[in-house]
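Enquirer: Turn this into a model:
(chains A and B)
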Amino acid sequence: MNSVSASYGGNPVLEDVSFYVQENDFIGVIGPNGGGKTTLLRVILGLLKPSAGTISFNDELLKPNSIGYLPQISTGDINYPVTVKDIVLSGLMITKGIVSRMSREDKMKASAVIEELGLSDFSGASLNELSGGQLQRVFLGRALIGNPRLLLLDEPGNFVDSSFENDFYEKLKELNTRIAILMVSHDVGTISQHIKSYACVNKKLHYHPSHEITNDDLMSYGCPIQLITHGEVPHTVLKTHR
Amino acid sequence: MEQSIFQYDFIIKGLLGALFASITAGLAGTYIVSRRLVFLSGGITHASFGGIGIGYFAGINPVIGAAVFGILSALGVEYLSVRQRIREDSAIGILWAFGMAIGIIFIYLTPGYSPNLMSYLFGSILTVTNADIIALGILSVVLILYFSIFYRTILYISFDESYARTYSSYVDVIKYTTISLMALTIVLNIRMAGVVLVLSLLTIPPNIAMIFTRVYFRIVLWSIVSGFIGTAAGYTISFFAGIPVGATIIFTLVILWVIAKLIRQLTTKRNKS
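Expert: Predicted coordinates:
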């Protein structure tokens, strides 16, 4: 991402954002509400054209099928008559045109992803038969079937109750050995063990390449912030933005 | 002899009408029911009555007037629901009454008595012309081709439109094309079941199918089958009992739905015990 700016209806939301996603990086994107986190995802997904700057992938212009996307909440109607396998297959639509047939190979890919996510028993089930955690795995499967190089997650913690969260983040850690992950989250604190680097977004983007502990005055948001912490839990404190 | 030829013609027309009505209503109905557009479809149906009235008044084929009104109102509501400047259900409610009002005003202004008005409100196989049957037949072929070519595209856009926008630029084209075809289906079936009853011709068969399956194309298939049984049986009963055909078809379909529900309950109970 090179000097990207983006705006909504004339209001600048992102200004001069530049950063680079390393292979197998796990970036946590944090920032206040309205700071531009979701806009950042929309720009990367190509849903919003940047007003300036370019986005490239391995020095080539970004190809959308190298990205897998798990939206904040699924807008899909879970009572819609569609099976788990169909939903996972819809992740391949990006490589297809308006007239789309799923080949036997596509269906085998879907079965493999469904098996990897432990959903084999539910392949032909409709979505209203699934629990919250299973539902989230279905949508993760939709994001993964195209073999993306980069996985975008928008507030995955919002989606599911906490009992499934651990499993889900363990799965992400496993995926991270082959896929770079960029995760937008307001509760980044709870999963920082898996995150390798941070991007703080509030119009500007500040990238912190790894866990760093320096001084504790985190002034990233342009307003005074005091960190309240208890002992024993591992903490990450990021450098002051310059 | 003459009478038997007349009867034979009448039966063929009825059966073809029932077949094409159930194909078009099965395909359109599954889309409408699974996307929860039943109320919108009610709005389209009643708005198209305005077109029927203007058609009478202007001396053109009322079906053409209804088709124009139906498609324009479908596109209008789909557009408004994206813009969200107005509440969608209110918009539909206004459209619903406005269409009926226009229809009634123009039919009132038309010189002379309109003998076919009742057939538009409640449907009548007697007034169904060969041209109506041919139009429904062509629409059946168009819908079958449209849904088989764009099956997955339509399925995924209906399921999760905002995700579909992340991979395709044709979401709006498909949405507006599909809703226009739905409006056309409703309008052409008004001849069979009438403005007041046509909606149930579209919504009852998919609901019968959904009792037994949750897979989209199976719902379409079973909707067509149950729609055909209901329409053909309703048509036959109305012929022999001498009662209005539209009402008889809907009555038969509801009975089918109740029977399907009972079968489902009995089989699940047996499976449990």
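Enquirer: pLDDT of stretch B:175-184, averaged?
Expert: Mean pLDDT, stretch B:175-184: 94.
Enquirer: can you pull the buried residues of it?
Expert: Buried residues in stretch B:175-184, defined by neighbour count with 16 or more other CB atoms under 10 Å in any protein chain shown: B:175, B:178, B:179, B:180, B:181, B:182, B:183, B:184. Yep, even glycine has a C-beta here, placed from its N, CA and C like the rest.
Enquirer: Please state the offset of it from the chain centre?
Expert: Counting by CA atoms, centre = their mean, to the nearest Å, stretch B:175-184 is centred 12 Å from the centre of its parent chain.
Enquirer: Was I right to think residue B:15 contacts residue B:232?
Expert: Yes: using CB atoms under 8 Å, residue B:15 makes contact with residue B:232 at a distance of 6.5 Å.
Enquirer: neighbour-wise, which of the two wins?
Expert: More neighbours surround residue B:232 than the other of residue B:15 and residue B:232, with 19 against 15 (other CB atoms under 10 Å in any protein chain shown).
Enquirer: Tell me which helix or strand that one sits in.
Expert: For residue B:232, the enclosing helix or strand under DSSP states H and E is helix B:216-241.
Enquirer: which other helices and strands contact that helix?
Expert: Where contact means 3 or more CB pairs under 8 Å, 6 or more residues apart in numbering or on different chains; DSSP states H and E, helix B:216-241 is packed against helix B:2-34, helix B:171-209, helix B:245-272.
Enquirer: Distance to residue A:113 added to those helices, as JSON lines?
Expert: Formatted as JSON lines, the helices and strands packed on helix B:216-241 follow (distance: least, CB to CB, whole Å):
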{"stretch": "helix B:2-34", "distance to residue A:113": "25"}
{"stretch": "helix B:171-209", "distance to residue A:113": "24"}
{"stretch": "helix B:245-272", "distance to residue A:113": "31"}
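Enquirer: So which residue is dead centre in chain A?
Expert: Residue closest to the mean C-alpha point of chain A, counted by CA atoms, centre = their mean, is residue A:153 at 1.7 Å.
Enquirer: for chain B, same thing?
Expert: The centre of chain B sits closest to residue B:186, judged by CA atoms, centre = their mean, with a distance of 3.6 Å.
Enquirer: Roughly how far does that residue sit from residue B:228?
Expert: Here the criterion is CB to CB, to the nearest Å. By it, residue B:186 lies 18 Å from residue B:228.
Enquirer: Leaving out the residues flanking it, which one is nearest to residue B:47?
Expert: The spatially closest residue to residue B:47, leaving aside those adjacent along the chain, is residue B:99, at 3.3 Å (CB to CB, 6 or more residues apart in numbering or on different chains).
Enquirer: so the residue nearest to the centre of chain A is in which element?
Expert: strand A:150-154.
Enquirer: can you give me the helices for chain A?
Expert: Assigned by DSSP state H, the helices in chain A fall at A:37-45, A:84-89, A:104-116, A:132-144, A:162-175.
Enquirer: which one of these has the most crowded surroundings?
Expert: Across the helices of chain A, averaging neighbours per residue (mean count of other CB atoms under 10 Å in any protein chain shown) puts helix A:84-89 on top, at a mean of 25.
Enquirer: ok, and does that helix reach over to chain B?
Expert: Yes: using CB under 8 Å from any CB of the partner chain, helix A:84-89 reaches chain B at A:86, A:87, A:89.
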